[in-house]
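A.B. asks: quick one: sequence and predicted model below, then my questions.
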Amino acid sequence: MKQKHFFSLSVAVFCLLFLTASAWAHKVNIFAYSESGTVYTESYFPDGRPVEGGAINIYDSNGKQLLTGTTNSEGFFSFSPPAQDDLTIEIIASMGHKNSFLLQKEELGDIPVTEPQADIAPGESGVRQSVPESISSSVQQTEPVNGLQKPLNDITTELRSVKREIAALRASMEKPGLDDIVSGIGYIIGLLGVAFLMMNRKKQ
Amino acid sequence: MHISDGVLPTYIAIGSFAVSFGLMALSARKTRAEDLPKIAVVTSSFFVASLIHIPLGPTSVHLLIPGLVGILLGNSAFLAIALGLTLQSLLFQFGGLTALGANTLMMGIPALLCGLFFKLFKGKSLQLNIIVGSISGGLGTVLSAILLALLLYSGGEDFLGVAKLALAAHLPVFIIEGMVSGFTVSFLHKVKPELLGIRYDRDSKDTDAA
């Protein structure tokens, strides 16, 4: 193969590689929300891929560690809040990536004073369903209210979706955007331009 | 590969800042005013390069180009990387601000070393320069991965384990960075060899017409 053909072909293959790579890079994100006495957490990389097998640590407002866990293959981990307190939920993904999310105690709602539920014990992967509709089956009511059981379940399901959307929105606001790129390049050109002027002035 | 806040012990974070400032001052001393436009362009490229993401099984890695920055800027590379990383931390939240000194060392030192490597081994022929350029580019990321493992080791993580993971996870990055550096060096060699520090007679038969 002629050298120039090889070169063009390599460039083409190279560009294809980049087309397949998705957008952003490097930090890890986590957000959490509370629903019906359970806290659900989701950990993911900025391009949306879930953190599998990441370490979760939960601290109270004094920094004391309350609970640990591991994210499952979808990046989820859920737990029953061990205390009515501001919870700091931390994710540690590999190679030095760490992030945390503060869940205010007001968001926890009323926590039943019971032992941590066995089906979401720490150390186990989160068992949360990703499809909201399946949650209504796990919502427990202490006594059926006349004729209002189903609408109540529906509202709880909807509320859960809304809360999740808000938490996801809050987290997504931290993604790097075009304006960040442009401002960064602006800073670089500006700072180095100033340096250039200063160095030139010295020469005179 | 940017280290986040709260991962490194405080004495390492502070010590890294001190060493970084020292190297930045040295780097600034060797920078000439007429190089500043080139530095601006390369810094901008470095700044944006980390946004190019390579998905890889359970983890995610991204392009870094410390090697290429070293090749293109030589001694000014440390300053460029310091500036690029600061802006990445502030604007993209890539890497914590407290870990900025450590991150700068992690990528700045390989840049300087690779720049030196390129300067020592470059020649007049296109093929040689492409090979040396590719090796420098790949080497930059290899050295960064090793420094990452060293820094995380200071925080108590098992060095060999992290090193193996970092090197294995970034293997595609090494190859891609080598290719990127090779292409860039090849292009510049043909179009503007002065940017690579090569001064030669354009009509010389040493160069490749293709």
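C.D. replies: On my side now, so go ahead. Treat the numbers as computed from the prediction; the structure is a model and nothing was measured.

A.B. asks: and for the residue of chain B with the smallest separation from chain A, the neighbour number?
C.D. replies: When scored by C-beta to the nearest C-beta, chain B has B:H62 as its residue closest to chain A, at 3.2 Å. The way it works is simple: take the backbone N, C-alpha and C, and place the C-beta from them, glycine included. Using other C-beta atoms under 10 Å in any protein chain shown, B:H62 has 23 neighbouring residues.

A.B. asks: may I have the beta-bridge partners of it?
C.D. replies: B:H53 (DSSP bridges).

A.B. asks: would you check that it makes contact with B:V48?
C.D. replies: No - B:H62 is beyond contact range of B:V48, at 11.0 Å (criterion: C-beta atoms under 8 Å).

A.B. asks: where's B:G108 relative to A:K27, distance?
C.D. replies: Per C-beta to C-beta, to the nearest Å, B:G108 is found 20 Å from A:K27.

A.B. asks: who's more crowded, the two?
C.D. replies: Counted by other C-beta under 10 Å, B:G108 and A:K27 do not tie: B:G108 has more neighbours, with 28 against 22.

A.B. asks: element containing that one, please.
C.D. replies: helix B:100-121 (DSSP states H and E).

A.B. asks: pull that helix out as CSV, backbone CA atoms only.
C.D. replies: This file holds the C-alpha atoms of helix B:100-121, laid out as CSV (Å, rounded to 0.1, in the frame of the first residue of the first chain):
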residue,chain,number,x,y,z
LEU,B,100,-4.7,20.3,41.6
GLY,B,101,-1.0,20.3,42.7
ALA,B,102,-0.9,16.5,42.5
ASN,B,103,-2.7,16.4,39.2
THR,B,104,-0.4,19.0,37.7
LEU,B,105,2.6,16.9,38.8
MET,B,106,1.0,13.7,37.5
MET,B,107,0.6,15.1,34.0
GLY,B,108,3.2,17.9,33.9
ILE,B,109,6.3,15.8,34.7
PRO,B,110,5.6,13.3,32.0
ALA,B,111,5.0,16.2,29.6
LEU,B,112,8.5,17.6,30.4
LEU,B,113,10.1,14.2,30.2
CYS,B,114,8.4,13.3,26.9
GLY,B,115,9.4,16.7,25.5
LEU,B,116,12.9,16.0,26.4
PHE,B,117,12.7,12.5,24.9
PHE,B,118,11.4,13.9,21.6
LYS,B,119,14.1,16.6,21.6
LEU,B,120,16.9,14.1,22.1
PHE,B,121,15.7,11.5,19.6
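
A.B. asks: next one: that helix to chain centre, how far?
C.D. replies: How far helix B:100-121 lies from its chain's middle: 6 Å, per C-alpha atoms, centre = their mean, to the nearest Å.

A.B. asks: so after it, what's the next helix or strand?
C.D. replies: Taking DSSP H and E, what comes next after helix B:100-121 is helix B:126-154.

A.B. asks: next structured bit after that following helix?
C.D. replies: Taking DSSP H and E, what comes next after helix B:126-154 is helix B:159-169.

A.B. asks: for burial, what's the neighbour tally of the nearest residue to B:I65 once chain neighbours are set aside?
C.D. replies: Once flanking residues are discounted, B:I65 sits nearest to B:A49: 4.8 Å by C-beta to C-beta, 6 or more residues apart in numbering or on different chains. Using other C-beta under 10 Å, B:A49 has 20 neighbouring residues.
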